[in-house]
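Asker: Prediction below, plus the sequence it came from.
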Amino acid sequence: MSKFRILVINPRSLVTEIALYENEVPLIIDDLSHDSDKLAEFPSVASQYKFRADEILSYLVIKGINLSKLAAVCGRGGLLKPIDGGTYLVNAAMRKELLEQTRGEHPSNLGALIAYEIGEHFEIPSYIVDPVVVDEMADIAKISGYPKITRKSIFHALNHKATGRRAAMELGKKYEDVQLIIAHLGDGITIGAHSNGRVIDVNNGLNGEGPFSIERSGTLPHGDLVDLCYSGKFSYEEMKQELLYHSGIMAYIDKPSRGSLDIEEELKKGDNPSYHIIEALAYQVAKEIGSVSTVLLGEVDAIILTGELAYSNLFVKLIMERVNWIADIMVYPGENERQSLAQGVLRVLRKE
C-alpha cells in the first residue's frame, strides 16, 4: 500500500491545531499557540493566514520534518456557501469567499487559506473536508413556518460524517447503506438524521435551534426572545454574544470559566441545582433524538453519541435511559477532527 504524508490544520481563535499523518498513523500532533496581541494586529481573522502558515512551517523545520515528502495539505472547512459533504480541492473561488468573509467571520475560515498557502509552496494539492456548511437537508426540512426565514444546515459535519462512517463499518455496512441518528455533544450540540450517506435533517447548532449546550441557548420561546431583544438591555452584537457564548449550562451554574466545569463530577454530587440543569440538557438531547427518529420513519440502525460530553458516563446514561428503545446506542467520545480531516484526504488519494 502506498504511503501518503498529509499535513492537517485546524485553526482556532488563539491556537492552530496541526497533525502530520502517514496514512492513518499520526507522526506529530501538536497545538501552536499564538500571541493574542499579535493576532489583534490583523484587520480580520482571515487575514492571519500567511502569519499562521509561516508559524506552522517554522515549527515543522525545527522538528526536523522532511517537508518534501508531503503528499497533501488539508485544512478545516470554513463558512462557505452550502455544499454537499465530501473532500474538496481548495480553489480560487473558495479562497475569495473566505477572504471576503461574506458568510461570516470564524477561525475555521483560515483552514483552506493556510492549506493553500503551504500547498502552493510545495506544489502539492490542498483540501478541505466536510465543512460546517454541508447542506444535504431535504427540501421539506428547510421550511421554517415563516416564509422570510429558511432553516439552514450548519452543524459539526466533519465529526458527524466521520463518526457515521466508523459506526457503519462496525455494523458491517457502508455509510451509504445505513440510517443513523448522530448527536454531537460539545460546546454546541447538533443532532442529525443520516440516511444513506446524507444528512437529511439537522438542527442549526450555531444560530439557536435544538437543545441548549454548555454555552449556547438552543431554541428559545421567540415571543420572549423578541421582547428581550427590544428591551434596551442589549445591543445587536451583545445579544448575539449572549446567545452564543453566555447561555446554556454556564448561564445557570456559577462557574468562573468553561474549563472549570466537569459534567461528570457535577452529576456525581446528586440532587443539587447543577445536577438538574445538566439533567435538563440530557432531557433536551433525548427529546431531539426522538424527534429526529420520526424523520427516519423509525427505521434507525443505531444512535451515535459523540463529542466532548460523551466522555461523561453519567450524562450518557441520562440520555440512554430515554432513547434506548429507539435503537442500539454507540458512544464515540471526543471529536477527532484532525484524524477525520486526514481520512477525508486519504479517501481521495487512494481513489476511493
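Answerer: Looks like it arrived, so ask away.

Asker: ok, which stretches of the stretch 101-250 of the chain are helices?
Answerer: 110-122, 157-170, 222-229, 236-245, 248-252 (DSSP state H, counting those that start in this stretch).

Asker: Give me the three-state assignment for Y88.
Answerer: strand (DSSP: H, G, I helix; E, B strand; the rest coil).

Asker: That one and F212, how far apart?
Answerer: For Y88, the distance to F212 (C-beta to C-beta, to the nearest Å) stands at 32 Å. Using the backbone N, CA and C atoms, a C-beta is placed for each residue, glycine as well.

Asker: Next: V15.
Answerer: 26 Å.

Asker: And the two? Which one has more around it.
Answerer: More neighbours surround F212 than the other of V15 and F212, with 24 against 14 (other C-beta atoms under 10 Å).

Asker: Contact partners for the residue lying closest to the more buried one once chain neighbours are set aside?
Answerer: Of all residues not flanking F212 in the chain, G218 sits nearest, at 3.8 Å (C-beta to C-beta, 6 or more residues apart in numbering). G218 makes contacts with 189, 208-212, 247-248, 284, as judged by C-beta atoms under 8 Å, 6 or more residues apart in numbering.

Asker: CA-only coordinates of stretch 298-317 in PDB, if you can.
Answerer: Extracted C-alpha coordinates of stretch 298-317, given in PDB (Å, rounded to 0.1, in the frame of the first residue of the first chain):
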ATOM      1  CA  GLY A 298     -38.400   4.900  13.000                       C
ATOM      2  CA  GLU A 299     -36.100   2.900  10.800                       C
ATOM      3  CA  VAL A 300     -32.800   3.500  12.700                       C
ATOM      4  CA  ASP A 301     -29.800   1.300  12.600                       C
ATOM      5  CA  ALA A 302     -28.100   3.000  15.500                       C
ATOM      6  CA  ILE A 303     -28.000   6.100  17.600                       C
ATOM      7  CA  ILE A 304     -24.500   7.600  17.900                       C
ATOM      8  CA  LEU A 305     -23.400   9.800  20.800                       C
ATOM      9  CA  THR A 306     -20.100  11.700  20.200                       C
ATOM     10  CA  GLY A 307     -18.300  14.900  21.200                       C
ATOM     11  CA  GLU A 308     -16.700  16.000  24.400                       C
ATOM     12  CA  LEU A 309     -19.800  15.500  26.600                       C
ATOM     13  CA  ALA A 310     -19.900  11.800  25.600                       C
ATOM     14  CA  TYR A 311     -16.900  11.300  27.900                       C
ATOM     15  CA  SER A 312     -19.300  11.600  30.800                       C
ATOM     16  CA  ASN A 313     -20.700   8.200  31.500                       C
ATOM     17  CA  LEU A 314     -23.400   9.600  33.800                       C
ATOM     18  CA  PHE A 315     -24.500  12.200  31.200                       C
ATOM     19  CA  VAL A 316     -24.600   9.500  28.500                       C
ATOM     20  CA  LYS A 317     -26.700   7.300  30.900                       C
END
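
Asker: And that stretch, what's buried?
Answerer: Residues 300-307, 309-310, 312, 314-316 are the ones in stretch 298-317 that count as buried (16 or more other C-beta atoms under 10 Å).

Asker: and if you look at stretch 148-163?
Answerer: Buried residues in stretch 148-163 (16+ other C-beta under 10 Å): 151-163.

Asker: Low-confidence stretches in this structure?
Answerer: Counting by pLDDT under 70, the chain shows low-confidence ranges at 256-260.

Asker: tell me, what residue is most central in it?
Answerer: The residue lying closest to the centre of the chain (C-alpha atoms, centre = their mean) is H156, at 3.0 Å.

Asker: just checking, that one touches G205?
Answerer: Yes: contact criterion C-beta atoms under 8 Å: H156 and G205 qualify, at 6.9 Å.

Asker: Which strands or helices does the longest helix along the chain pack on?
Answerer: Longest helix of the chain, by residue count under DSSP state H: helix 273-295. The contact analysis (3 or more C-beta pairs under 8 Å, 6 or more residues apart in numbering; DSSP states H and E) places helix 273-295 against strand 179-185, strand 189-195, strand 198-202, helix 248-252, helix 263-268, helix 313-323.

Asker: can I see the domain layout of this protein?
Answerer: Per the record, the chain has its domains at 5-132+337-349, 157-333, by automatic domain parsing.
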